[in-house]
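**Q** sequence plus the predicted model coming up.
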There are 2 protein chains.
Amino acid sequence: MLVKRTEYAIRALISVAIRNRKGERPGFKDVAALIGAPKPFTAKILQEMTKRGLIKSIRGRGGGFFFDSPPESLTLYQVIKSMEGLSFFTKCAFGFNECSDEHPCPIHAEYLTFRQGFLDLTKQTTIGALAGKVIKGEAFLSWSTSMEVPGSIKLNFF
Amino acid sequence: MLVKRTEYAIRALISVAIRNRKGERPGFKDVAALIGAPKPFTAKILQEMTKRGLIKSIRGRGGGFFFDSPPESLTLYQVIKSMEGLSFFTKCAFGFNECSDEHPCPIHAEYLTFRQGFLDLTKQTTIGALAGKVIKGEAFLSWSTSMEVPGSIKLNFF
DNA sequence: ATATAAAAAGACCTTTAATTCTTTTTATAA
DNA sequence: TTATAAAAAGAATTAAAGGTCTTTTTATAT
């Protein structure tokens, strides 16, 4: 379905949102620990998302990643589009370039239903809402139940 | 969604079914032309499917690929499972290994609906049915409208 | 000012998927 | 029985995704 980069990206965004709500600005090591992903790869993905404007970052001591506008206004659709491109939502089930209503592949009509349904879901779901579920303990981001990272130092955040 | 190998595999199976219905046994060059895929790669995939028992083949002059049992009894589900493994139908939207009803990822419940819907679709759809659509001219397998391959020689098939 | 902690940048490595090429085996038409 | 046309097998190549490491830049607490 989604490529790994995008999977990690979404989980990373959710964990940034959770930390932000606590008044903290996590670094890539924190985020990697929270989502159970490799540290350098997590850094790469966070930097990529910063460059694309999904989140902001501050360098130097006490820095980290954070949401400028509320995560409730960032949809899954926007994230996936930004990471994988619009083609993710439009491509044919059988990899056929010319697939369209006029020139359909053999499963075109049936598949459209699901593609549209998934599109709607991603447009309705925000990073903020998903973060809310994790905060309430209704959902998880990794094997670890806890959202705490041992040894994190408190600085003058925000 | 599906990897290229699987996309080509499905299109290849449909074109084999179509040719079989005409009393022909296509070779990999015919199939590649029909589905608009690279010839050597098409050969590889057809051979893989033969090894896995989805189709049969006959070597030597006049040989080619064919269905032993009717393509109406081969579902998309069986093909995808054979090419990509069962995990294709069970994996988490966010790539989270431990995702389950008891320990869900933040989008688990909502995503289940679509996964199940797609699973049902693939179980209901057969290669024979998809081939039927192409034969009736309701669907296509490549940019080319025609199902004819120029220069193919008729031998004692079947 | 200076040491330090953090992100940014970018080179590099590894693995897997995609694709091609070459050789071998096999059936059959001539 | 021999030439030929076909699939099978498998080695080799290329491209893309996944992942790591090192160096540079920058902010800030001391």
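**A** All right, it came through fine. Numbers count the residues shown, from 1 in each chain, chains lettered A, B, ... in the order given.

**Q** for chain A, what spans make up the strands?
**A** Along chain A, counting by DSSP state E, strands occupy A:56-58, A:64-66.

**Q** to chain B, which of the ones you listed lies closest?
**A** Nearest to chain B, of all those, is strand A:64-66, at 18.6 Å by CB to the nearest CB. For every residue, glycine as well, the C-beta is placed using N, CA and C.

**Q** partner strands of the closest one and their direction?
**A** If you go by DSSP bridges, strand A:64-66 pairs up with strand A:56-58 (antiparallel).

**Q** give me the pLDDT value at A:W143.
**A** Looking at A:W143, its pLDDT reads 71.

**Q** and stretch A:66-75, which residues are buried?
**A** Judged by neighbour count (16 or more other CB atoms under 10 Å in any protein chain shown), stretch A:66-75 contains these buried residues: A:F66, A:F67, A:P71, A:L74, A:T75.

**Q** mind listing what the fourth one touches?
**A** Counting by CB atoms under 8 Å, 6 or more residues apart in numbering or on different chains, A:L74 makes contact with A:L13, A:L54, A:F67, A:T126, A:I127, A:G128.

**Q** and DNA strand D, which of those residues reach it?
**A** By CB under 7 Å from any atom of the strand, no member of the contacts of A:L74 lies near DNA strand D.

**Q** in helices, which of those residues appear?
**A** A:L13, A:I127, A:G128 (DSSP state H).

**Q** mind listing what the first one touches?
**A** In other words, A:L13. A:L13 makes contact with A:M49, A:L54, A:I55, A:P71, A:L74, A:V79, A:I127, according to CB under 8 Å, 6+ apart.

**Q** what sits closest to the first one if chain neighbours are left out?
**A** Spelled out, it's A:M49. The shortest distance from A:M49 to any non-neighbouring residue, by CB to CB, 6 or more residues apart in numbering or on different chains, is to A:I55 (5.4 Å).

**Q** pretty sure that neighbour contacts A:L46?
**A** Yes - with contacts counted by CB atoms under 8 Å, A:I55 reaches A:L46, the gap being 7.3 Å.

**Q** those two: which is more packed in?
**A** Higher neighbour count among A:I55 and A:L46: A:L46, with 25 against 21, using other CB atoms under 10 Å in any protein chain shown.

**Q** and A:F66, bridged to which residues?
**A** Listed beta-bridge partners, A:F66: A:K56 (assigned using DSSP bridges).

**Q** distance-wise, check A:E24 relative to DNA strand C.
**A** 11 Å (CB to the nearest atom of the strand, to the nearest Å).

**Q** let me redo that: A:I10
**A** 17 Å.

**Q** quick one: contacts for that residue?
**A** A:L2, A:L76, A:V79, A:I80, A:I127, A:L130, B:F94.

**Q** turn the strands of chain A into a markdown table, columns for distance to B:R59 and mean pLDDT.
**A** Formatted as a markdown table, these follow (distance: least, CB to CB, whole Å; pLDDT from 0 to 100):
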| stretch | distance to B:R59 | mean pLDDT |
| --- | --- | --- |
| strand A:56-58 | 61 | 95 |
| strand A:64-66 | 60 | 96 |
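
**Q** dump these into JSON lines; add distance to A:A33 as well.
**A** Below are these laid out as JSON lines (distance: least, CB to CB, whole Å):
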{"stretch": "strand A:56-58", "distance to A:A33": "18"}
{"stretch": "strand A:64-66", "distance to A:A33": "13"}
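
**Q** for DNA strand D, which of the ones you listed is the nearest?
**A** Counting by CB to the nearest atom of the strand, DNA strand D lies closest to strand A:56-58 out of the strands of chain A; the figure is 6.1 Å.

**Q** what residues of the closest one count as buried?
**A** Quick answer for strand A:56-58 (16+ other CB under 10 Å): A:S57.

**Q** just to revisit the earlier point, intersection of neighbour lists for A:I55 and A:L46?
**A** By CB under 8 Å, 6+ apart, A:I55 and A:L46 have these common neighbours: A:V16, A:F65.

**Q** contact residues of chain A facing DNA strand D?
**A** Chain A has residues A:3-5, A:8, A:38-41, A:43-44, A:58-63, A:155-156 near DNA strand D, with proximity defined as CB under 7 Å from any atom of the strand.

**Q** give me the buried subset of those.
**A** Neighbour counting with 16+ other CB under 10 Å marks A:Y8 as buried within the residues of chain A next to DNA strand D.

**Q** and the residues of chain A next to DNA strand D near DNA strand C, which?
**A** Answer for the residues of chain A next to DNA strand D near DNA strand C (CB under 7 Å from any atom of the strand): A:P40, A:A43, A:K44, A:I58, A:R59, A:G60, A:R61, A:G62, A:G63.
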